[in-house]
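Just the structure for this:
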Amino acid sequence: MPPRDVQHLQSVPSRAVKNPPNARSDWYETHIRCPVSGFKAYRYRVTSRAPKRALLAAVIGGSLVFASAIPAVAATTSDGPSIRVVGGSDANREGTGWFLRFAPVTNSGPSNCGATQISSRWAVTAAHCVSTPDGMAKTGNGKSYVQVNPAVRGAGTRIYLEKVIVHPGYQKNARLQINDVALLKTKVSMGGAKLALNTTKSAPATGTPEQVFGFGERVYGNYDSQATTLQQGNVEDLAGPSGSKCGSYGSDYRGAYEICAGLPGGGVDACQGDSGGPLVATVAGRRALVGIVSTGLGCAQANYPGIYTRVSTYANWIKSKAFGKFEVTAPCGSPCARSHNESSTIKVRNRTNTRGTYSVSGGSNYLKVSNRWGTIKGKKSKTLRVRVTTTKQRCVVVKVKASSTPAKSFTIATNGKVC
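Numbering: from 1, shown residues only. Next comes the predicted model:
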């Protein structure tokens, strides 16, 4: 409850989202916390990140109402909104082939966000980049698009979107914007590299080095400081997966859904225009997407680190939407070279919590597949054996379906056939 001596509070930031739509100021929702002696105290949560306006608070008797945490948004540029990493340096693009500049287009025009490629046609971004007060990001030719690892902001081929999927638990007008994750499906293959999702719930631990990437502002609130080349900010995990405290955010930090990352004294952070971009760390010996740029109070301030969507919490949801219900591991690549009577295995894993059916088709005249049809319990796997029965040279296409939905196809090259 705010102190009773507050007369009014004007545009005080809370955790602002780091990617604003077509405007040079933050947009925010007001939430009445309690009525006081004829006045109403408000708590603001910025849900899109445009460059900051002057923020004022009228105070009576020296007491101030402190604002709650708010998500970060994008800033507007000549070709749409944008925001960049504060305290960063030029990234080595040879190692960032999975980075996407994402330009969501809503009713108010284009914005600038980041995204991360996880397959040839799927990417992960922040929900607030695509679900805004100005409507949903538009799909189709000439609408929202991504650019793969551009050398400079705005460069490169525009790859348009076929579909946008927002996490069902995301509420754009909620005071605390958890579940800030969305998926982008492109109309054609993006090429580029793919970054693995972190699925280890116990990682990253407190103190783990992490890197955030983006084209956002280098100076918070300075519209002209937006990056033209991709920036990398080196930060660290400040709370770990079981931590309940993140700087001075208090109870507004939800560690089960969010990652707290920055430097103890501030100085390096994501900022306006970086929303939806990747927070990357090494987990179990490999590089992985551990967080998604989401919110923060200002940029790079001491005691107010960046807040990121925790990817491990949403990995199963992401995989079920982007990769289907079943995960299929091909025998030995595609094409897989095998001679007469040689065998390979196919591993089929059910990602869901409920029982599902699978089927295997193709190559019936040339291959013998154990259990071409069957069921798999939730979270369980089944290994199928594929044996070459022909002495002929053939390129045999095998298709695996999950509940009638194509899951994966691969080719087996028999008896020295070049496919």
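
hey, let's count contacts and neighbours off CA atoms from now on
Will do.

Just give me the neighbour total for G142.
12 (other Cα atoms under 10 Å).

Name the secondary structure element that contains it.
Following DSSP states H and E, one finds G142 outside all helices and strands.

Nearest spatial neighbour of it, chain-adjacent residues omitted?
Y160 (7.1 Å; Cα to Cα, 6 or more residues apart in numbering).

quick one: the one you found and C129, what's the gap?
Distance of Y160 to C129, computed by Cα to Cα, to the nearest Å: 15 Å.

who has more neighbours, those two?
Ranked by neighbour count (other Cα under 10 Å), Y160 and C129 place C129 first, with 38 against 25.

So N112 is in contact with A103, correct?
Yes - counting by Cα atoms under 8 Å, N112 touches A103, with 4.8 Å between them.

neighbour count winner among these two?
N112 (38 against 29).

so what's that one scoring on pLDDT?
Model confidence at N112, given as pLDDT, is 86.

With the one 10 residues further on instead?
Per-residue pLDDT puts W122 at 96.

Find the helix or strand that the spatially closest residue to it that is not a sequence neighbour is a member of.
Leaving out its chain neighbours, the residue that sits closest to W122 by Cα to Cα, 6+ apart is K185, at 4.6 Å. Taking DSSP H and E as the definition, K185 sits inside strand 182-186.

which intervals of the chain have sub-threshold pLDDT?
1-84 (pLDDT under 70).

what's the angle from the longest helix along the chain to strand 182-186?
Looking across the chain with DSSP state H, the single longest helix is helix 311-322. Per axes from the mean of the first three to the mean of the last three Cα atoms, to 10 degrees, the angle that helix 311-322 makes with strand 182-186 is 40 degrees.

how about helix 311-322: buried residues?
V311, S312, T313, Y314, A315, N316, W317, I318, K319, A322 (16 or more other Cα atoms under 10 Å).

Equivalent analysis for stretch 134-141, please.
Neighbour-count burial for stretch 134-141 [16+ other Cα under 10 Å]: M136, A137, K138, T139.

Just name the closest of those residues to Y220, please.
A137 (25.3 Å; Cα to Cα).

about what we covered before: which secondary structure elements does the strand holding K185 sit against?
strand 122-125, strand 159-166 (3 or more Cα pairs under 8 Å, 6 or more residues apart in numbering; DSSP states H and E).

ok, residues contacting the following helix or strand past that strand?
Going down the chain from strand 182-186, the next helix or strand is strand 196-197, by DSSP H and E. Outside strand 196-197, the residues that touch it by Cα atoms under 8 Å, 6 or more residues apart in numbering are I118, R287, A288, L289, V290, V311, S312, A315.

Not counting sequence-adjacent ones, nearest residue to the first one?
Counting by Cα to Cα, 6+ apart, I118 lies nearest to K194, which is 4.7 Å off, once chain neighbours are set aside.

what about the residue nearest to W122, distance to T414?
For K185, the distance to T414 - Cα to Cα - is 35 Å.

same check, this time on T132
Relative to T414, and taking Cα to Cα, T132 is found at 53 Å.

These two: who's more crowded?
Neighbour comparison, T132 and T414: the larger count goes to T414, with 27 against 20 (by other Cα under 10 Å).

So in terms of bridging, what pairs with C336?
I412 (DSSP bridges).

Run a quick neighbour tally on it.
Neighbour number of C336 under other Cα under 10 Å is 17.

same check, this time on the one 10 residues further on
Residues contacting I346 under the criterion other Cα under 10 Å number 18.

what distance separates the helix or strand that contains it from the centre of its chain?
According to DSSP H and E, I346 maps onto strand 343-350. Centre-to-centre, strand 343-350 and its host chain are 29 Å apart (Cα atoms, centre = their mean, to the nearest Å).

Likewise for stretch 321-329?
Distance, centroid of stretch 321-329 to centroid of chain: 18 Å (Cα atoms, centre = their mean).

same question, stretch 237-247
That offset, for stretch 237-247, works out to 20 Å (Cα atoms, centre = their mean).
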